[in-house]
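> what's the 3D shape of this:
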Amino acid sequence: MALLGLTRVCSQNKGGVKNIYIAEMASVTSMTLGTGILSYSTITMATGALFKKYEFEEDTAAFKPVIEANKGASKITTTLDVDLGKMDLTERNAVQELLDANNCGFVIIVELNNGSLYVMGYNETDLKTRPVRITAGNGDSKLEFMDPTSDVITFIAISSVRPTTYTGTVPIT
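Here you go, the predicted structure:
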């Protein structure tokens, strides 16, 4: 593949994650690349399946693709840390549902605050063989009365390419 360079565009560069959408791996049938660009434009779902939106407080989620390379070999470890917030029955049940589905893994669409959407757990090289999985969770009741409780869930996808952008509409319920 020939190098194409990079032309900078003057625009806002907001950090942070705005929304995450999660589907069980079996729910995603395929994704279609857009024309002329390496991004997905559509997602085909199994009959009756849709992504689920997981809400969280602003500024409590981080999306981090990390590249490791050595003499022609490389891997990308993409981490998504999400603080689902208040430790209560609703949050507990949502985390347990994710843990129950963790064996087969997930496809996650991450929407950044700058408007970009990224796909974790599916790409053209690995297709559905490198899903996203929960690798850690850390609930914290805190010590002080005024400190809000938290429950941070860590999702990781390891693949051969960086997460691909998504330009379509996320099929959600």
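> flag the shaky bits of the protein, pLDDT-wise.
1, 36 (pLDDT under 70).
> now do 80
The chain contains residues with pLDDT under 80 at 1-4, 6-13, 35-37, 173.
> tell me which stretches of it form helices.
89-100 (DSSP state H).
> can you give me the strands in it?
For the chain, the strands defined by DSSP state E occupy 17-24, 28-33, 39-45, 52-54, 61-70, 73-83, 106-112, 117-120, 133-140, 150-159, 164-166.
> report the strands that pair with the first one, each with its relative direction.
Each strand that pairs with strand 17-24, with its direction, by DSSP bridges: strand 52-54 (antiparallel), strand 106-112 (antiparallel).
> okay, those strands in a markdown table with mean neighbour count and distance to residue 169 next?
Just so you know, the C-beta spots here come from the backbone N, C-alpha and C atoms, and that holds for glycine as well. Shown next, in a markdown table, are the strands paired with strand 17-24 (neighbours: other CB atoms under 10 Å; distance: least, CB to CB, whole Å):
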| stretch | mean neighbour count | distance to residue 169 |
| --- | --- | --- |
| strand 52-54 | 16 | 13 |
| strand 106-112 | 23 | 10 |
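> which of those sits closest to residue 97?
With CB to CB, the closest approach to residue 97 among the strands paired with strand 17-24 belongs to strand 52-54: 9.1 Å.
> thinking again about what came up before, and of the strands paired with strand 17-24, who's closest to residue 121?
Smallest distance to residue 121 across these (CB to CB): 4.2 Å, for strand 106-112.
> re the thing from before, next, format the strands paired with strand 17-24 as JSON lines and append distance to residue 173.
Below are the strands paired with strand 17-24 laid out as JSON lines (distance: least, CB to CB, whole Å):
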{"stretch": "strand 52-54", "distance to residue 173": "7"}
{"stretch": "strand 106-112", "distance to residue 173": "14"}
